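K.L.:
build me a model from this:
(one chain, ligands or ions: 1)
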Amino acid sequence: MSKASNAKRRQLVVGNWKMNGNLRENASLLAEVVAGWQGEHKSDVVICPPYPYLMHTHSLLAGSAIMLGAQTVNQYDKGAYTGEVSASMLADLDCKFVIIGHNERRRMQGETDEQVAHQFVAVQQAGLTPILCVGESLQDREQGCHLETIGRQLNAVFAHTGKDVFKNAVLAYEPVWAVGTGKTATPEQAEEVHRFMRAQLPDLADEIRILYGGSVKAHNAQQLFALPDIDGALLGGASLDADEFLAICSAAD
Ligand code: PEP
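P.N.:
Just a heads-up that it's a prediction; the model follows:
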């Protein structure tokens, strides 16, 4: 399905700041980003700062079309979960998107497919849009079982939610070996997986947005965005540099 034939899919660029920034740096980065993203655009832009900076980021984005997102969420709504943050709290802070299933959380925090499925539901119940990340390890890729891994990660959520709810969701393909490593999937590798992911949601194939993430930079963004099944990017490192970030947003626009 060609992108040109489908006006419904707005491109989306999501900046995941991870555990970076402080009040001063965030203010200066966002001053540049907001100034560089004025007026009407054909694509959507989201910034996901660390939790403590959500309110500050929200005020720095006031009046701009750039939306606020969060990097993770707890599956429960409230209670004795020290250190955790619920989806309803994120909604209260005017977040619109929440990244879930990021490989750093799966690997470092031990988040399971099942927890990710519960987070997906919690995010939607709070009225926000989940950005569900999936992706294979280097070993999976080398053994040629990358599609199997991605299918398993997707099915874990489908089994819990059904597929209809993906009407209000974004998918992100992030090969683990490409995130933060400087290695990018080739356009062919990325397109193969995006096509596979789109085929898992045949009823929503025209509308589901599937982002690519993994060392996307200004120099390779255009080539990735030109592919028929890639609808934007999830960015780590590149979202911390205003010029790089804006160049990628412009490439999506
Ligand atoms: C990410 O953290 O989701 C990511 C894609 O990071 P990077 O762009 O730095 O590879």
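K.L.:
from here on, contacts and neighbour counts on C-alpha atoms
P.N.:
Will do.
K.L.:
quick check: closest non-adjacent residue to His56.
P.N.:
Leu23 (7.7 Å; CA to CA, 6 or more residues apart in numbering).
K.L.:
pLDDT score assigned to that neighbour?
P.N.:
Among the per-residue scores, Leu23 shows a pLDDT of 98.
K.L.:
angles on the backbone of it, please.
P.N.:
For Leu23, the backbone dihedrals (degrees, to the nearest 10) come out as phi -60, psi -40.
K.L.:
for the ligand, see how far away it is.
P.N.:
21 Å (CA to the nearest ligand atom, to the nearest Å).
K.L.:
that residue and Pro52 touch, don't they?
P.N.:
No - if you go by CA atoms under 8 Å, Leu23 and Pro52 don't touch, sitting 9.7 Å apart.
K.L.:
doesn't Arg9 make contact with Glu207?
P.N.:
Yes - contact criterion CA under 8 Å: Glu207 and Arg9 qualify, at 5.6 Å.
K.L.:
any low-confidence regions in the chain?
P.N.:
Applying pLDDT under 70 to the chain picks out residues 1-8.
K.L.:
tell me which residues in stretch 52-67 are buried?
P.N.:
54, 57-58, 60-61, 65-67 (16 or more other CA atoms under 10 Å).
K.L.:
farthest-separated two in those?
P.N.:
Spanning the widest gap among the buried residues of stretch 52-67 are Leu54 and Ala65, at 16.1 Å by CA to CA.
K.L.:
and the helix or strand encompassing Asn155, what's buried?
P.N.:
For Asn155, the element it lies in under DSSP states H and E is helix 146-161. Across helix 146-161, burial judged by 16+ other CA under 10 Å covers 146-147, 149-151, 153-158.
K.L.:
same thing with stretch 120-137?
P.N.:
Applying a neighbour-count criterion of 16+ other CA under 10 Å, one finds 120-124, 126-137 buried in stretch 120-137.
K.L.:
same question, stretch 172-179
P.N.:
So stretch 172-179, judged by 16+ other CA under 10 Å, has buried residues 172-179.
K.L.:
for the residues you listed, which one is nearest the ligand?
P.N.:
Lowest distance from the ligand to the buried residues of stretch 172-179 (CA to the nearest ligand atom) belongs to Val179, with 3.4 Å.
K.L.:
so what's that closest one up against?
P.N.:
Each residue near Val179 by CA atoms under 8 Å, 6 or more residues apart in numbering is listed here: 213-215, 236.
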